[in-house]
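Engineer: 3D model of this:
(one chain, ligands or ions: 2)
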Amino acid sequence: MKITCSACKKAFEIPDERIPIGKAIAFPCPACENIIELDITHGLKGAGRSGLEENGHETGEALKKHILKNVGQLPPMPQTVLKAREIITDQAIAARVLKLANSSYYGLSGKVASIQHASVVLGHKALAELVTMGGTAAILGTTLPGYGLDAGELWRHCLGVAFGARLIANKKNPALSNDAFAAGLLHDAGKLILDPYILERREAFQNFIADSDDGFLAAEKAILAFDHCEIAAEVCKQWNIPKALTTAIRYHHYPSRSQNDPLAYIVHMADGIAMMTGLGLGIDGMMYEFEEDAMAFLDLHEQDLDGIMAEVLESVQKISNERQ
Ligand SMILES: [Fe+2]
Ligand SMILES: [Fe+2]
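Structural biologist: Numbering: from 1, shown residues only. Ligands and ions are numbered 1, 2, ... in the order given. So this is what the prediction gives:
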């Protein structure tokens with residue numbers, strides 16, 4: 001029987017005679033040590049891709065527990081986002097930081113020779129921003145087939161939301177500008193976590209979308225019993241993400257439930273703006289639902305939006321060194 005690890009996607013052939021029919025078993029993946037669970041209580045037929053799939057399409061608390069147990073397989077977000085010193089000793093991340101520092105966004109293309117140099121010429125604040133981006137680039141750059149996002153699309157979307165959120169914060173509440181950037185960058189981390197589970201239930205999602213006027217977020221809630229905001233908030237706790245960022249991430253689709261958290265409103269607005277510019281549409285992009293009072297809460301007006309959209313798009317293009 002062929003078994004595929006849900007974490008590293010390696011496939012293994014296990015002789016049928018070694019598989020205990022009628023039992024649920026768990027064993028570490030020989031390649032990545034993720035625990036593979038198999039429930040073969042109904043015989044071998046249909047059993048076998050990954051343990052998660054084989055466990056049936058769980059929802060609610062059972063699924064959440066399952067997901068949180070597997071979150072250990074994700075790259076360690078707190079170090080990458082919060083501890084600049086550790087990042088700089090990580091060669092892969094340091095290289096990405098340097099590449100970003102040399103993008104046309106900072107106007108120093110090709111001239112930044114080292115992280116120390118970046119810190120001197122760009123200043124401490126820009127370095128913190130670079131480190132946050134460098135630390136999250138790889139994890140946010142992956143393909144998300146469940147959400148219909150190609151490699152790099154979520155990353156560009158999150159960059160757009162980070163730039164937009166900082167822009168709005170600078171206009172309305174400059175004290176929040178650093179947090180707005182970081183929360184914008186991380187706001188859809190829940191999508192990384194849910195993607196494989198959505199892919200497994202693709203048919204249910206397609207049916208929901210076809211039969212309902214509600215968007216993809218409602219489908220997550222209906223099919224999984226929680227959405228990407230809720231699961232991200234749980235994972236943020238494990239990742240030691242500061243509470244202010246966690247709250248913004250938790251309520252970024254419905255900031256009115258956040259008890260007037262300005263950061264949640266800022267990220268919500270920036271998310272909608274990024275969608276309007278076409279950054280990271282994926283499967284759910286065309287159905288972005290702005291909360292009615294968000295503009296008023298932030299004292300933003302229709303005429304502000306075009307300027308923000310243009311600036312966001314330009315920043316994303318420059319930082320990813322793309323031509324217009
Ligand atoms: Fe989202
Ligand atoms: Fe988003």
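Engineer: residues near the residue in the stretch 1-150 of the chain that ligand 2 sits nearest to, how many?
Structural biologist: Of all residues in the stretch 1-150 of the chain, Tyr147 sits closest to ligand 2, with a separation of 10.0 Å (C-beta to the ion). Quick note: C-beta positions are derived from backbone N, CA and C, even for glycine. Using other C-beta atoms under 10 Å, Tyr147 is surrounded by 24 other residues.
Engineer: which residues touch the closest residue to it other than its chain neighbours?
Structural biologist: Distances taken as C-beta to C-beta, 6 or more residues apart in numbering place Gly282 nearest to Tyr147, at 4.5 Å, with adjacent residues excluded. Each residue near Gly282 by C-beta atoms under 8 Å, 6 or more residues apart in numbering is listed here: 144, 147-149, 153-154.
Engineer: ok, Gly282 to ligand 2 distance?
Structural biologist: Distance, Gly282 to ligand 2, by C-beta to the ion, to the nearest Å: 9 Å.
Engineer: Gln238 now?
Structural biologist: According to C-beta to the ion, Gln238 stands 21 Å off from ligand 2.
Engineer: got the phi/psi numbers for that residue?
Structural biologist: With angles defined as degrees, to the nearest 10, Gln238 sits at phi -70, psi -30.
Engineer: tell me the secondary structure for the spatially closest residue to it that is not a sequence neighbour?
Structural biologist: Nearest residue to Gln238, sequence neighbours excluded (C-beta to C-beta, 6+ apart): Val71, at 6.1 Å. Secondary structure assignment for Val71 (DSSP: H, G, I helix; E, B strand; the rest coil): helix.
Engineer: and Val71, what does it touch?
Structural biologist: Applying C-beta under 8 Å, 6+ apart to Val71 gives the contacts 193, 235, 238.
Engineer: Would you format those as CSV with neighbour count included?
Structural biologist: Below are the contacts of Val71 laid out as CSV (neighbours: other C-beta atoms under 10 Å):
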residue, neighbour count
Ile193, 19
Val235, 21
Gln238, 14
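Engineer: how about the residues of the stretch 151-300 of the chain that lie near ligand 2?
Structural biologist: Residues of the stretch 151-300 of the chain found near ligand 2 (C-beta under 5 Å from the ion) are 188, 271.
Engineer: list the contacts for Ile67?
Structural biologist: 193-194, 197, 231.
Engineer: Low-confidence bits of this protein, can you list those?
Structural biologist: Along the chain, segments meeting pLDDT under 70 span 1-2, 6, 15-27, 33-56, 72-88, 284-287, 322-324.
Engineer: Could you spell out which stretches of it belong to which domain?
Structural biologist: 2-56, 77-319 (automatic domain parsing).
Engineer: rewinding a little: which pair of the contacts of Gly282 spans the longest distance?
Structural biologist: Using C-beta to C-beta, the pair of those lying farthest apart is Gly148 and Leu154, separated by 10.6 Å.
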